[in-house]
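**Q** sequence unknown, structure follows:
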């Protein structure tokens, strides 16, 4: 456990963030390996089918992940206030409410999966493979919730090392599972989905057993699983705010993916690869975002608004250094990155994906601010402004998909995110400067 309310804020933030960063590297690594194995063993057709489901996967699973992260913010506040009973109650509520939400989302997503794929303009030659893959992921959502709740609780009490260890276990199992299912057993795209769920299940069970034995403050009784209405409202408010924030962002990405799907398989493969590289490049933003959600949650629970102010601005400055590095990397080695992910030698695929990276990385300073402030606001209890900002992103991407893609084709996709980033950062900056809890005394 780590108390984030004491010590030098930069040192504390970096120490907390490093394991999260390594965990994200592992997660993206096995995501890359998963994509590469599908391409190597099943070909570009299967790769395109799996790739086009990414925004839909991010939309639904991202909602669930946002919920569990929101629950963890409440746990962090109890921990920062040194309320051990509150930590236990919040931990128990996280599992109970998480399971309920997962069951509802599973039923809805599986029931309406075909219509959602049609809304994405999924080509007829890809829709069956896409459905076979993503329906398994959605059906196993209950596995993801246990996995993510456990990780969220551990981060809330300041432990980012244990989640890293079990994520590493999940990554190794996932890679091994991919090879067994695709290369040995000769399964189609569903093999990659089964490998993902099996690895999450094994790592999640191991994580829960270890964390309960290791930390007394998160051991709860069956009686504490009876969530009272006040705590439930608080956790659902935080959870749905972060979940909807993720989903609104994902809806915008889904709208763009639907437009991309009309441009042909080459653009689908190129964009899927570019987005995975983008996830790698932007990972540091999400790392500091997750760090600030817990950092701000603990410090607001302890009444340390002064540390919250300093932590936000120091995190932004560190992230900006990373922005310079990614821009240089994209311009020097853009096509190589795309080939690394896809294994494709198509000049069209490599050039298209590289162009996306080279243009968008020049604007990364803006999403760095967005991600850090948006998560910090969740930590201090502002659940409205992040949703407003995310709604601007959704509206902007939908309008670009409808109005510009038919005329500018993939150029519209490339310029879409820089445009909406600039618009959506405005309410975040205004509100963080106006927030009474963060004004200097």
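**A** In hand now; what should we look at? Being a predicted model, the structure only gives us computed values, none of them experimental. Residues are numbered from 1 along each chain as shown.
**Q** Identify the residue nearest the geometric centre of the protein.
**A** residue 62 (6.0 Å; C-alpha atoms, centre = their mean).
**Q** May I have the predicted confidence score for that one?
**A** Here, the pLDDT recorded for residue 62 equals 75.
**Q** Wait, it touches residue 247, no?
**A** Yes - counting by C-beta atoms under 8 Å, residue 62 touches residue 247, with 6.2 Å between them. In this view, the C-beta of every residue, glycine as well, is placed from N, C-alpha and C.
**Q** Local confidence estimate at the residue lying closest to the residue nearest to the centre of the chain once chain neighbours are set aside?
**A** Leaving aside its chain neighbours, residue 62 sits nearest to residue 246 (4.1 Å; criterion: C-beta to C-beta, 6 or more residues apart in numbering). Residue 246 carries a pLDDT value of 71.
**Q** Tell me how far whatever helix or strand residue 246 lives in lies from the chain's centre.
**A** Secondary structure from DSSP states H and E places residue 246 in helix 229-260. Mean C-alpha position of helix 229-260 versus that of the full chain (C-alpha atoms, centre = their mean, to the nearest Å) differs by 11 Å.
**Q** Now do the buried residues in that helix.
**A** Residues 231, 234-236, 238-260 are the ones in helix 229-260 that count as buried (16 or more other C-beta atoms under 10 Å).
**Q** and that helix, what does it pack onto?
**A** Counting contacts by 3 or more C-beta pairs under 8 Å, 6 or more residues apart in numbering; DSSP states H and E, helix 229-260 packs against helix 54-80, helix 84-111, helix 265-281, helix 365-380, helix 385-403, helix 405-408, helix 410-434.
**Q** Helix 365-380 and the first one, what's the angle between them?
**A** What it means is helix 54-80. With axes from the mean of the first three to the mean of the last three C-alpha atoms, to 10 degrees defining the directions, helix 54-80 sits at 40 degrees from helix 365-380.
**Q** Please point out which parts of the helix or strand of the chain at the bottom of the mean pLDDT ranking sit buried.
**A** One helix or strand of the chain scores below all others by mean pLDDT, DSSP states H and E: helix 44-51, with a mean of 73. For helix 44-51, burial by neighbour count (16+ other C-beta under 10 Å) applies to 44, 46-51.
**Q** One more: stretch 382-393?
**A** 382-383, 385-387, 389-393.
**Q** just to revisit the earlier point, let me have the helices and strands packed on helix 229-260 in a markdown table, extended by distance to residue 316.
**A** Listed next are these as a markdown table, based on distance: least, C-beta to C-beta, whole Å:
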| stretch | distance to residue 316 |
| --- | --- |
| helix 54-80 | 20 |
| helix 84-111 | 29 |
| helix 265-281 | 17 |
| helix 365-380 | 6 |
| helix 385-403 | 15 |
| helix 405-408 | 32 |
| helix 410-434 | 10 |
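**Q** Out of the ones you listed, which gets nearest to residue 352?
**A** helix 265-281 (3.9 Å; C-beta to C-beta).
**Q** Measure how far whatever helix or strand comes next after the closest one is from the centre of its chain, please.
**A** Toward the C-terminal end, the helix or strand that comes next after helix 265-281 (DSSP H and E) is helix 283-301. Computed by C-alpha atoms, centre = their mean, the chain-centroid distance of helix 283-301 equals 14 Å.
**Q** check contacts around residue 42.
**A** Going by C-beta atoms under 8 Å, 6 or more residues apart in numbering, residue 42 touches 182, 188-189.
**Q** From residue 185, how far off is it?
**A** Residue 42 sits 13 Å away from residue 185, going by C-beta to C-beta, to the nearest Å.
**Q** do residue 71 as well
**A** 37 Å.
**Q** More neighbours: these two, which one.
**A** A direct count of neighbours by other C-beta atoms under 10 Å for residue 71 and residue 185 places residue 71 higher, at 30 against 10.
**Q** doesn't residue 95 make contact with the more buried one?
**A** No - using C-beta under 8 Å, residue 71 is not in contact with residue 95, being 9.1 Å away.
**Q** Need the overlap of contacts for the two.
**A** Common contacts of residue 71 and residue 95 (C-beta under 8 Å, 6+ apart): residue 149.
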